[in-house]
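[1] Fold the following, please.
(one chain, ligands or ions: 1)
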Amino acid sequence: MIKVRFAPSPTGIPHIGNTRTALFNYLYAKHNRGEFIVRIEDTDRKRVVKEAEQAIIDILDWLGLEWDGEIVHQSERLDLYKKYVQELLDKKVAHEREGAVWVRLPENKVYEWIDGVAGKKISFNGKDVDEFVILKSDGFPTYHLANVVDDHLMGITDVIRGEEWISSTPKHLYLYACFGWKPPVFAHLPVILGTDKSKLSKRHGAKSILDYRDEGYVKEALLNYMALLGWNPGGDNEQMSLAQMCKSFTLEKVNTANPIFDIKKLQWLNGVWIRTLKNDVLEKKLLEYYLKNKEMLTVLSNKTTKGLILDLAKTRMRTLADFEKLVSEKQLKRKYTKEERGIAEQLLVQLESDLSDEWTEESLIDSLRKFNKEKNISFKTIYFILTGKEQGLPLGELLRIYHKDFFIKNLKGE
Ligand code: GLU
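    Sure, this is the predicted structure:
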């Protein structure tokens with residue numbers, strides 16, 4: 001059975017690129033009906049950041065990337081690692097120096113593997129690999145040792161990780177050989193780059209999944225977008241659900257070229273996802289998103305207009321945050337200038353005489369056109385004085401939702 005792991009070091013809040021590694025492992029596990037485990041690699045005590053682990057868990061939880069079994073912490077397994085370090089000392093593979101235990105690869109021996117992503121043979125000569133520490137003087141093992149011991153003991157069949165770990169792989173292969181263990185398949189994912197072709201970082205707008213969530217991105221779009229960062233199942237349809245991706249994911253279809261993180265594409269995909277969500281699903285997401293926003297909660301609880309508002313708003317939203325901008329009566333509101341006040345008064349007089357009691361979408365638009373022409377007032381200004389906002393749903397739609405009172409109130413400056 002296939003068994004993979006996501007093995008983050010809790011040294012910071014992971015950005016979207018780091019979370020992609022978890023997703024690819026998850027997809028691979030699900031595609032092969034295997035297991036996906038989470039192991040916290042926290043042996044580098046100086047670099048551990050307190051909030052990092054909780055963020056990692058929150059991200060996996062929110063995205064719905066369920067893991068199998070309990071989360072393992074390497075810091076709780078020190079005795080185990082020491083035993084294996086002793087074995088390497090006994091075998092004279094490792095030596096002690098300055099209180100730490102070191103390993104050096106034999107020179108002129110080749111360490112190679114067929115990479116699960118590139119499908120290519122990658123090889124290193126032992127003499128080109130730096131001597132490395134496996135146990136530090138503080139009694140904690142290093143990544144290299146703990147990672148290999150755990151992958152073996154946990155029965156990991158495939159190690160899917162970022163390309164930046166390629167240079168560690170010969171060290172790991174050597175350790176497997178010294179212990180007499182069969183190494184897993186190694187598959188290295190191409191590193192994500194920013195638009196300037198340097199390694200993706202916060203500088204490129206790469207934030208954590210939790211930040212994107214707070215900005216109104218939906219998990220469907222984030223999962224979909226992360227998968228497209230390096231994976232292309234072929235075909236024209238880029239919109240895929242998690243279930244669809246699990247079905248079609250293979251390492252062969254992972255590109256060897258470095259994907260470029262493009263926030264515009266993520267925004268676009270988020271809009272696509274929002275448009276395709278069923279209204280009840282979208283409503284649930286909005287309720288969660290606007291948990292503390294009284295005005296939006298009221299909008300979402302009005303049974304008569306809710307459906308219409310969702311229908312109208314969803315065609316124009318790119319993020320859940322846009323919902324408020326579109327439908328709020330208060331958001332972005334500013335006071336009218338004296339001039340705008342005057343225009344509002346004139347417009348109110350005209351609308352009342354043109355439309356009397358019967359405000360239809362058509363008659364409203366006709367009257368506004370006349371106002372625009374005769375008084376030479378831009379539609380931008382007209383929109384503003386009717387709604388009190390610079391942008392939002394089209395006027396005809398606002399009329400359908402809020403009726404004429406909404407406009408009259410604004411024109412009167414109430
Ligand atoms: N702890 C390593 C990390 O932070 C894991 C690398 C690996 O998957 O082997 O990414």
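[2] wait, what's in contact with Asn224?
    Glu238, Gln239, Met240, Ser241, Met245, Leu269, Trp273 (C-beta atoms under 8 Å, 6 or more residues apart in numbering). All C-beta atoms are positioned from the backbone trio N, CA, C, and that covers glycine.
[3] roughly how far apart are it and Phe24?
    Separation of Asn224 from Phe24 (C-beta to C-beta, to the nearest Å): 13 Å.
[4] if I pick the nearest residue to Phe249 once chain neighbours are set aside, what's in contact with it?
    On the basis of C-beta to C-beta, 6 or more residues apart in numbering, the spatially nearest residue to Phe249 that is not a chain neighbour turns out to be Leu27, at 3.8 Å. For Leu27, the contacting residues are Ala227, Met245, Cys246, Phe249, by C-beta under 8 Å, 6+ apart.
[5] What of Asp322?
    If you count contacts by C-beta under 8 Å, 6+ apart, Asp322 has them with Gly216, Ala313, Arg316.
[6] Just the buried positions in stretch 252-267, please.
    Along stretch 252-267, the positions that meet the burial threshold by neighbour count (16 or more other C-beta atoms under 10 Å) are Val254, Asn258, Pro259, Phe261, Asp262, Ile263, Leu266, Gln267.
[7] avg pLDDT for stretch 175-188?
    Stretch 175-188 shows a mean pLDDT of 98 in the predicted model.
[8] Can I get the contacts of Leu27 in CSV including pLDDT?
    Rendered in CSV, the data for the contacts of Leu27 read as follows (pLDDT from 0 to 100):
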residue, pLDDT
Ala227, 98
Met245, 97
Cys246, 98
Phe249, 97
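[9] if you look at the residues you listed, which of them are in helices?
    Secondary structure assignment by DSSP state H places Ala227, Met245, Cys246 of those in helices.
[10] Show me what the lowest-mean-pLDDT helix or strand in the chain is packed against.
    Least confident helix or strand of the chain, by mean pLDDT, DSSP states H and E, is helix 395-411 with a mean of 89. With contacts taken as 3 or more C-beta pairs under 8 Å, 6 or more residues apart in numbering; DSSP states H and E, helix 395-411 sits against helix 306-314, helix 338-355, helix 361-375, helix 379-387.
[11] Nearest to the ligand, out of the ones you listed?
    Comparing these by their distance to the ligand (C-beta to the nearest ligand atom), the top pick is helix 306-314, with 37.6 Å.
[12] In the closest one, which residues are buried?
    The neighbour-count criterion (16+ other C-beta under 10 Å) identifies Lys306, Ile309, Leu310, Leu312, Ala313, Lys314 as the buried residues of helix 306-314.
[13] repeat for stretch 64-84
    Of the residues in stretch 64-84, those with enough neighbours to count as buried (16+ other C-beta under 10 Å) are Leu65, Trp67, Val72, Gln74, Ser75, Arg77, Tyr81, Lys82, Tyr84.
[14] Between the two ends of it, how far is it?
    With C-alpha to C-alpha, to the nearest Å applied, stretch 64-84 spans 36 Å between its terminal residues.
[15] got the contact list for it?
    Counting contacts by C-beta under 8 Å, 6+ apart, the residues outside stretch 64-84 that touch it are 6, 22-23, 26, 35-43, 45, 57, 60, 135, 139-141, 145-146, 149-150, 153-154, 179, 219, 242.
[16] That one near the ligand anywhere?
    No - contact between stretch 64-84 and the ligand, assessed by C-beta under 6 Å from any ligand atom, is absent, since the two come no nearer than 8.9 Å.
[17] tell me the mean pLDDT for that stretch?
    For stretch 64-84, the per-residue pLDDT averages 97.
[18] next one: that stretch to chain centre, how far?
    Here the centre of stretch 64-84 is set off from its chain's centre by 25 Å, with C-alpha atoms, centre = their mean, to the nearest Å.
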